[in-house]
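Student: After the sequence you'll find the predicted model.
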Amino acid sequence: MIAAAVAGLALGASYALLATGFTVVFGVLRRIDLAYGASIMLGLYAAIWLHREGMAGAPALAPVVIAVTVLAAAYVERLCFAPHADRPPVTAMAASFAIWMQLQEIAVLALPLHTYPFPSPFAGAWPAGALGGIRPEHVLALVAAAAIGLGLARLLGHTRFGLAVRATTENRAAAACAGIDTRRVAIAVFGLAAAIGGVAGYLIACIDGQVAPHFAMRATLDGIAAAILGGLGSIPGAIAGGLLLGLVEAAARSAWGPQQADLARYGLLLAVLAAAPGGLAGIAGAARRRLAARRRASGRRVGEASAAGEA
Amino acid sequence: MTGAPILAVEGLVAGRGRADVLRSVSLSAEAGAVTCLIGPNGAGKTTLMMAIAGLIRPRRGRIRFDGREIAGRPAHRLVAEGLALVPQDRLLFAGLTVRENLAAGALSRDAGPAIETDIARMGQRFPRLAERAGQRAGSLSGGEQQMLAIARALMARPRFLLLDEPSLGLAPLVAREVLDLIAGIAGEGIGVLVVEQNAARVRSIARRMHVIDRGRIVHSGAPDGAAADAAVDRAFFGAAVAPAGPAPAGEAAP
């Protein structure tokens, strides 16, 4: 039971990271990078290729995945996002779809088999059945995601770069007026999202123990679904959306089997969006506004009462 | 007329989309004084401000700031060089706090304790902003938002400030307060070019006035006197208005 919950949370944590990548890019660029999953897939395939050629051991694969994902994202940014910055968002999105196909083809041409095993860094180091069946890969995913979440909160909340990112997310024209180089912010955020995506891809591959060509599709869909569930553009929303999606998927899988897990996930997404188009962040925002309005109203009443008392 | 112009625009042609909104605009503004730019709706005031501030690329013409050619340079670099714009719709970071808005205004210059000092100084200058330091900028009143927009621009330590209709949508008393504030800023040696549709009020604090109509400067000179009045009337009401007519001298106030 506990092991199943940990598994669900770990899955959710990986979705949360993917969703965070989509959401920070959307916040600054107002665009969705459809090649996100494919960039991560290229990182994973590069790591597997190096491992098979004997050039990288299992522990060295994480930095390889992250580095290649960031490189692939730089390619995507230069080709799809920088040239179409002043055009309607759909242009960059369509361009990124084309690059998705290209990156996926490159990976499949290099490694044409149906699936490839992905070596876990814990192989043999963790006795099976220890800790009530909790898998070390799941623990790693939870710890890594929590560390990234905290690090991101610190970066965005307490640094000059973070302030520039939040200002640009709020209003790009206003940021330019305030002297912020919004193009540089956009490039940095794109790279940051890619690094987070690389970590997410590594964690997912470790959990699955294998990588297949449909990874790009899965990572993109999972990430977008979690980001939209949370409310596109909101990082707390992305984290909550990812965790919720992972838990629901794990619960549905153990209750009804893997076929119904997807059904449950997308059912949840549909239900939340039907009730609140702004996702979880929209629900939280509305609650906060109601609370502030109530506080203002009661403050006014107190003010009136004291004014009346003075009179 | 005292001092050489710190900002000089010559033969500027600019627009958004295919049409030219500005058709050869030339004007100048001094340091340490308020210069006002007056004109009716659609005359090209905002386009001119955005072109000077680097938010749109001029098609032709020259913009010299402090002796250097700046036409076509991006906005963020001009802010770092001391030319800041307070845009018409204020463009605050509505979801960030007042304090964060001020800190963001200083992102163009080097980090350091000077920024804390400047935020404290803004708090003294705008006590109402200091009281609301932790509030979201979007929750401020119109007047407070305009104060914050100006304070955020001042955080970049500009030598020249472009203000696009700072009194737009404000109650007359608050608008007066904002204009007094602008006069005070110029008194500290910062050059100010302020756009207003409401001619009468801003002319009282300006040392020099330019009147713009349909993409051209149609009058430049002192903000008061018969020639200035006639130029403003012509721009707003066309040449057909009789000089002695009961024209409500540019009072387009809500």
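Tutor: Yes, it's here.

Student: where does the stretch 151-254 of chain B come near chain A, residue by residue?
Tutor: B:152-153, B:156 (Cβ under 8 Å from any Cβ of the partner chain). No exception for glycine: its C-beta is placed from N, CA and C like everyone else's.

Student: Kindly reformat the residues you listed as a markdown table containing pLDDT, secondary structure and neighbour count.
Tutor: Below are those laid out as a markdown table (pLDDT from 0 to 100; DSSP: H, G, I helix; E, B strand; the rest coil; neighbours: other Cβ atoms under 10 Å in any protein chain shown):
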| residue | pLDDT | secondary structure | neighbour count |
| --- | --- | --- | --- |
| B:152 | 96 | helix | 30 |
| B:153 | 96 | helix | 24 |
| B:156 | 94 | coil | 25 |
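
Student: Check whether residue A:245 really touches residue A:266, as I assumed.
Tutor: No: the pair residue A:245 / residue A:266 is not scored as a contact, 9.6 Å apart, by Cβ atoms under 8 Å.

Student: what about the two, which has more around it?
Tutor: residue A:245 (26 against 13; other Cβ atoms under 10 Å in any protein chain shown).

Student: where does the more buried one fall, helix, sheet strand or coil?
Tutor: helix (DSSP: H, G, I helix; E, B strand; the rest coil).

Student: list the contacts for it?
Tutor: A:12, A:15, A:222, A:225-226, A:229, A:265, A:268-269 (Cβ atoms under 8 Å, 6 or more residues apart in numbering or on different chains).

Student: In helices, which of those residues appear?
Tutor: Cross-referencing those against helices under DSSP state H gives A:12, A:15, A:222, A:225-226, A:229, A:265, A:268-269.

Student: what residues do residue A:245 and residue A:266 have in common as contacts?
Tutor: Going by Cβ under 8 Å, 6+ apart, residues that sit against residue A:245 and also against residue A:266 are residue A:225.

Student: ok, residue B:156 - contacts?
Tutor: A:178-179, B:79-80, B:82, B:84, B:105-106, B:108-109.

Student: ok, residue B:108 - how many residues close by?
Tutor: Neighbours of residue B:108 under the rule other Cβ under 10 Å: 24.

Student: quick one, phi/psi of the nearest residue to it once chain neighbours are set aside?
Tutor: Using Cβ to Cβ, 6 or more residues apart in numbering or on different chains and skipping the chain neighbours, the partner closest in space to residue B:108 is residue A:179 (2.8 Å). In terms of degrees, to the nearest 10, the main-chain angles of residue A:179 are phi 90, psi 20.

Student: What number of residues are in the vicinity of residue A:179?
Tutor: 27.

Student: again, but for the one 3 residues further on
Tutor: Each residue near residue A:182 was counted by other Cβ under 10 Å, and the total is 24.

Student: try residue B:4
Tutor: 11.

Student: contacting residues for it?
Tutor: Contacts of residue B:4 (Cβ under 8 Å, 6+ apart): residue B:30.

Student: switch the cut-off to 10 Å
Tutor: B:28, B:30-31, B:66-67 (Cβ atoms under 10 Å, 6 or more residues apart in numbering or on different chains).

Student: Tell me the buried residues within those residues.
Tutor: B:28, B:30-31, B:66 (16 or more other Cβ atoms under 10 Å in any protein chain shown).

Student: do you know how far residue A:278 is from chain B?
Tutor: Note on residue A:278: its distance to chain B, by Cβ to the nearest Cβ, to the nearest Å, is 14 Å.
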